[in-house]
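Q: Predicted model and sequence below, questions to follow.
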Amino acid sequence: MAGDCTWRKSSYSGGNAGQECVEVAFTQVVRVRDSKNTTGPELKFSVEAWQGFIGAR
């Protein structure tokens, strides 16, 4: 499934020499994964849930 979308690394991933990074892909759902383990598990959120998450700063 990893090859069917474009992944973007978090803009907050610059610190810690890139050791704690996440990537996000926007498809029909929002997919989140660990950038160090791109074949590992993903979290998936509805667009509405993701918007609520990023708006809750």
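A: Nice, thanks for sending it over.
Q: from here on, contacts and neighbour counts on C-alpha atoms
A: Will do.
Q: Any idea what Val32 is bridged to?
A: Val24, Leu43 (DSSP bridges).
Q: can you offset everything so residue one is 312?
A: In the new count, where the first residue is 312, that last one comes out as Val343.
Q: Assess the claim that it and Thr349 are in contact.
A: No. Using CA atoms under 8 Å as the test, Val343 is too far from Thr349 to be in contact (10.0 Å).
Q: Same drill for these two, tell me which one is more crowded.
A: Taking neighbours as other CA atoms under 10 Å, Val343 and Thr349 compare with Val343 leading, 19 against 13.
Q: Let me see the contact set for the more buried one.
A: With contact set as CA atoms under 8 Å, 6 or more residues apart in numbering, Val343 has these partners: 333-336, 353-355.
Q: Checking Gln362 next. Helix, strand or coil?
A: helix (DSSP: H, G, I helix; E, B strand; the rest coil).
Q: Next up, the contacts around it.
A: Neighbour list for Gln362: empty [criterion: CA under 8 Å, 6+ apart].
Q: how much space is there between Leu354 and Val343?
A: Per CA to CA, to the nearest Å, Leu354 is found 5 Å from Val343.
Q: Look up the pLDDT of Met312 for me, please.
A: According to the prediction, Met312 has pLDDT 47.
Q: and what of Tyr323?
A: 69.
Q: now swap in Ala367 and tell me
A: Note for Ala367: predicted pLDDT of 85.
Q: how about the strands in this structure?
A: Ranges of strands in the chain, per DSSP state E, are 319-320, 333-337, 341-345, 353-356.
Q: Now render those as CSV, adding mean pLDDT.
A: As requested, those are arranged in CSV below (pLDDT from 0 to 100):
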stretch, mean pLDDT
strand 319-320, 88
strand 333-337, 92
strand 341-345, 94
strand 353-356, 96
